[in-house]
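> Have a look; sequence and predicted model below, questions after that.
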Amino acid sequence: LGFTVVQASEIGKLMTIIGLAKFLTDFRDRLQEFRIFLLSLGIAALPAALVFIEPDAGSAVVFMALWLVMTLFAGARLRHYAMLAAIGLCLVPVGLAAGVQDYQRDRIRAFIDPESDPQGAGFNVIQAETSVGSGGLWGQGLTEGTQTQLDFVRIQTTDFIFSVLSEELGFVGAMALFILFLLLLSRMLRVATRAGEPLGQLLAVGLITIIAVQVFINVAINIRLIPVTGIPLPFISTGNSSLLVFFIGLGLLQSVLAWQDDARRGPVY
């Protein structure tokens, strides 16, 4: 836009939520049909494939998680998921042979054994894990974290922001952050339960999913539960596109709640 950089993948997540919510609402009576089920998959699979090619495997996972949770909520058949899973398992060897790039293999190796390349692919993993552990109960204090201030933790403001927070604010600070996320998600869930029509419910479910999944992935990366994938921590990591999308999403939820309140009050003459 000139004054900022817009990440298409972040905007695509919001568009996918809206598109899936509309599709699943319009075809909710036919979602039991395998053809309609596959069409819903296509809405998420297309942007997932594009960002995977970019390459951005982390965002591709988020797109597919959105589809999975939203279609489950809409009432898709478990048998259809089983069929897709069987097909996917058969295609895994082909995908690994053709689609996994060298840097992705390095990340997997660094996840399994970061000490095998401590100055290369394993460096960020080791330093982030050390940073989280060095925070202790109360942390070293804001701007006092040695791992952070000495630049041992790279990509401090995005992928590894949780390790910075854990080092400087400790276990207590990390738990406070989790409590804030849980409060936010619980309020969003309340909107989903109060929405009296499927479109509003599905929008709320999609937004809950994207926040919950990205929080889990980002934290899991920082404590070495999964390989590094490059997913920002919602509302905490820097990134104009990500922050913009999350606030637009909260605005959509507010509109769902306002519409529902107006519907309950009835027309005003």
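Yes, it's here.

> Distance from the helix or strand encompassing residue 93 to the middle of the chain?
Assessed by DSSP states H and E, residue 93 sits inside helix 78-99. On the basis of CA atoms, centre = their mean, to the nearest Å, helix 78-99 sits 22 Å off its chain's mean C-alpha point.

> before we move on, what about stretch 160-175?
19 Å.

> ditto for stretch 178-188
15 Å.

> Give me the contact list for it.
204, 207-208, 211-212, 215, 234, 253 (CB atoms under 8 Å, 6 or more residues apart in numbering). All C-beta spots, glycine's among them, are computed from the backbone N, C-alpha and C.

> Between those, which sits nearest residue 17?
residue 207 (6.4 Å; CB to CB).

> neighbours around the closest one, how many?
27 (other CB atoms under 10 Å).

> which element is it on?
Per DSSP H and E: residue 207 is located in helix 198-222.

> Check which helices and strands that helix sits against.
helix 8-26, helix 57-74, helix 123-134, helix 161-194, helix 240-265 (3 or more CB pairs under 8 Å, 6 or more residues apart in numbering; DSSP states H and E).

> Reformat the contacts of stretch 178-188 as JSON lines; add pLDDT and distance to residue 44.
Output for the contacts of stretch 178-188, formatted as JSON lines (pLDDT from 0 to 100; distance: CB to CB, whole Å):
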{"residue": "204", "pLDDT": "95", "distance to residue 44": "17"}
{"residue": "207", "pLDDT": "97", "distance to residue 44": "15"}
{"residue": "208", "pLDDT": "97", "distance to residue 44": "16"}
{"residue": "211", "pLDDT": "97", "distance to residue 44": "17"}
{"residue": "212", "pLDDT": "97", "distance to residue 44": "16"}
{"residue": "215", "pLDDT": "97", "distance to residue 44": "20"}
{"residue": "234", "pLDDT": "95", "distance to residue 44": "19"}
{"residue": "253", "pLDDT": "93", "distance to residue 44": "20"}
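
> follow-up on the earlier one: list the contacts of the helix holding residue 93.
34, 37, 41, 52, 68.

> Most widely separated two among those?
Longest span within the contacts of helix 78-99, CB to CB: 34 and 52, 24.2 Å.

> Show me which of those two is the more surrounded one.
residue 52 (19 against 14).

> Quick check: the nearest residue to that one once chain neighbours are set aside vs residue 28, distance?
Leaving aside its sequence neighbours, residue 52 sits nearest to residue 60 (CB to CB, 6 or more residues apart in numbering; 4.1 Å). The spacing between residue 60 and residue 28, counted by CB to CB, to the nearest Å, is 26 Å.

> Looking at these two, which is more packed in?
residue 60 (22 against 15).

> ok, the more buried one - contacts?
Contacts of residue 60 (CB under 8 Å, 6+ apart): 48-49, 51-52.

> wait, which of these is closest to residue 134?
Using CB to CB, the contacts of residue 60 come closest to residue 134 at residue 51, 33.9 Å.

> which regions of the stretch 1-150 of the chain sit below the pLDDT cut-off?
Within the stretch 1-150 of the chain, the stretches with pLDDT under 70 are 1-5, 95-100.

> that older thread, list just the nearest of the contacts of stretch 178-188 to residue 72.
residue 208 (12.8 Å).

> Check the burial of that closest one by counting its neighbours.
22.

> My guess is it contacts residue 189. True?
Yes: the pair residue 208 and residue 189 passes the contact test of CB atoms under 8 Å, sitting 6.2 Å apart.

> In JSON lines: the contacts of helix 78-99, plus distance to residue 21.
Output for those, formatted as JSON lines (distance: CB to CB, whole Å):
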{"residue": "34", "distance to residue 21": "21"}
{"residue": "37", "distance to residue 21": "16"}
{"residue": "41", "distance to residue 21": "15"}
{"residue": "52", "distance to residue 21": "23"}
{"residue": "68", "distance to residue 21": "14"}
